[in-house]
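Chemist: Sequence and predicted structure, then a few things I'm wondering about:
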Amino acid sequence: MSEVNQYNNELSNQSFRLAGTDISVGKPVGKVILAGAGPGDPELLTIKALRYLQKADVVITDRLVSEEILTNYMRKDALLLSVGKQCSKEGSTPQSHINDLLVEHAGSGKLVVRLKGGDASIFSNILDELRTLATHQIPYEIIPGITAALGAAAYAAIPLTARGYSTAVRFLTHYKKDDLNESYWKDLAQTADTLVFYMSSDPLDHLVENLLQYGIGADKWLAVIEQATTPLQHVYNCPIHEYLSSKRGSHYVSPTLIIIGKVAALHEPFQWLPDSHSKENYFAPVAVSQAASQVASRTEKQSTSKKYFYADSPKT
Ligand code: SAH
């Protein structure tokens, strides 16, 4: 047996052993897999997450998870629960409710996959969920996913640490803009590091104004990447000093990622994915798709699922 097969068998045995009945204490013991689903393109799911999805009794999913993953890769008889969150917008499922769902299902012996967009740990509420699981002594695993920064950088052809351009990259958010003080802004404006901002398209004018005020160089570019890695990806790209004159007050389709740095100028010469000019949403907005405590059934999910095809996806 190859090393890989042996490892896979151990993984299968482990998940079945942990999602069942613990004979020593006589009560059902489930397990929670906290997994990243990648940023959009369903083919960016890891094989490990896929294997767990195919076994899971219950899948609890975030909003920024491709419908195709849920439609094609889950067990057909598994329970699908949608617990969308959108920057505290109305309709977002309260975290306490998500925690309760984890305990309810894993506590009754189920194998639960908690699927999060991108990576499971980057700008997510994983810590609340880990605390809940630890408190209830529920076993868990964490499976990484491709975070939006890496997906967007690849699909927009912006190498985040291109030699001669930048030697470091920072993942940030400007969502809670009052938290950031003067020395922080100065540092951001002056650094040679590439800056990647999550959840920051609404306050983008403010973000750019601050960087200009603290002297960001004219050689720095900005890329705004809407719906990265999906067939609806659109990239807006310009030198940061020119942004406000042409784009002040712009609204972007969620989710949107911002990349700032010299490397952002590399999009233009190396772009390989054509821009979509549709303003359609790849991911259903939370206010439309979910009520606070809504639990969507698999049939409901399937009926709303859209099909997109990537022109050059390798066919299996
Ligand atoms: N855990 C996720 C991030 C969740 S925070 C990850 O690792 O990617 C949600 C933010 O991520 C969005 O507001 C947006 O800034 C970014 N994001 C997630 N998916 C994205 C996508 N497909 N395109 C652009 N930005 C995305």
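Modeler: Ah, there it is.
Chemist: which residues of the stretch 101-250 of the chain score low on pLDDT?
Modeler: Counting by pLDDT under 70, the ranges of the stretch 101-250 of the chain that qualify are 176-179.
Chemist: So which residues on it come close to the ligand?
Modeler: With the criterion set to C-beta under 6 Å from any ligand atom, the stretch 101-250 of the chain comes near the ligand through 116-119, 122-124, 147-148, 152, 198-199, 225, 227-229. C-betas here are computed from N, CA, C, even on glycine.
Chemist: List the ones among these that fall in helices.
Modeler: Judged by DSSP state H, these include Ala148, Ala152 as members of helices.
Chemist: Of the residues of the stretch 101-250 of the chain next to the ligand, which is the nearest to the ligand?
Modeler: Of all these, the ligand sits closest to Gly118, with 2.0 Å by C-beta to the nearest ligand atom.
Chemist: what's near enough to touch the closest one?
Modeler: Contact analysis of Gly118 by C-beta atoms under 8 Å, 6 or more residues apart in numbering lists Gly36, Ala37, Gly38, Pro39, Leu64, Ser124, Gly145, Ile146, Thr147, Ala148, Gly151.
Chemist: Hmm, the fifth one is touching Leu115, no?
Modeler: No - between Leu64 and Leu115 there is no contact, the gap being 9.8 Å when judged by C-beta atoms under 8 Å.
Chemist: so what sits against both of the two?
Modeler: Ala37.
Chemist: And the two? Which one has more around it.
Modeler: Of the pair Leu64 and Leu115, Leu115 is the one with more neighbours under other C-beta atoms under 10 Å, namely 30 against 23.
Chemist: separation between that one and Ser245?
Modeler: 41 Å (C-beta to C-beta, to the nearest Å).
Chemist: what does Pro139 give?
Modeler: Distance, Pro139 to Ser245, by C-beta to C-beta: 55 Å.
Chemist: more crowded one of those two?
Modeler: Set Pro139 next to Ser245 and count neighbours by other C-beta under 10 Å: Pro139 wins out with 17 against 8.
Chemist: which residues sit in contact with that one?
Modeler: Leu18, Val29, Gly30, Lys31, Val32, Leu133.
Chemist: Pull the contacting residues for the third one.
Modeler: Which is Gly30. Contacts for Gly30 were tallied using C-beta under 8 Å, 6+ apart; they are Leu18, Ala19, His105, Ala106, Gly107, Ser108, Gly109, Lys110, Leu111, Val112, Ile138, Pro139.
Chemist: pretty sure the third one is touching Val58, no?
Modeler: So the one you mean is His105. Yes - with contact defined as C-beta under 8 Å, His105 counts as touching Val58 (4.5 Å).
Chemist: list residues touching both of these two?
Modeler: Jointly contacting His105 and Val58 under the rule C-beta under 8 Å, 6+ apart are Leu79, Val112.
Chemist: Redo the contacts of Gly30 as a markdown table? Include secondary structure.
Modeler: As requested, the contacts of Gly30 are exported to a markdown table (DSSP: H, G, I helix; E, B strand; the rest coil):
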| residue | secondary structure |
| --- | --- |
| Leu18 | helix |
| Ala19 | coil |
| His105 | helix |
| Ala106 | helix |
| Gly107 | helix |
| Ser108 | coil |
| Gly109 | coil |
| Lys110 | coil |
| Leu111 | strand |
| Val112 | strand |
| Ile138 | coil |
| Pro139 | coil |
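Chemist: Go ahead and build a ChimeraX selection from the buried members of those.
Modeler: Here is the ChimeraX command that selects the buried residues among the contacts of Gly30 (16 or more other C-beta atoms under 10 Å):
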select :18,19,105,106,107,109,110,111,112,138,139
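Chemist: Can I get the contacts of Gly30 in CSV including distance to Ala49?
Modeler: Converted to CSV, those look like this (distance: C-beta to C-beta, whole Å):
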residue, distance to Ala49
Leu18, 17
Ala19, 16
His105, 18
Ala106, 17
Gly107, 23
Ser108, 23
Gly109, 21
Lys110, 17
Leu111, 13
Val112, 13
Ile138, 19
Pro139, 17
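Chemist: And the contacts of Gly30, which is closest to Tyr252?
Modeler: Set against Tyr252, the nearest of the contacts of Gly30 by C-beta to C-beta is Val112 (33.4 Å).
Chemist: Give me the three-state assignment for Thr71.
Modeler: Thr71 is classified as helix under three-state DSSP.
Chemist: ok, now Ile258?
Modeler: Assignment for Ile258 (three-state DSSP): strand.
Chemist: quick one, what contacts the closest residue to it other than its chain neighbours?
Modeler: Closest residue to Ile258 apart from its sequence neighbours, by C-beta to C-beta, 6 or more residues apart in numbering: Phe197 at 4.0 Å. Taking C-beta under 8 Å, 6+ apart, we find Phe197 in contact with Leu172, Thr173, His174, Leu207, Leu257, Ile258, Ile259, Ile260.
Chemist: That concludes my questions; thank you for your assistance.
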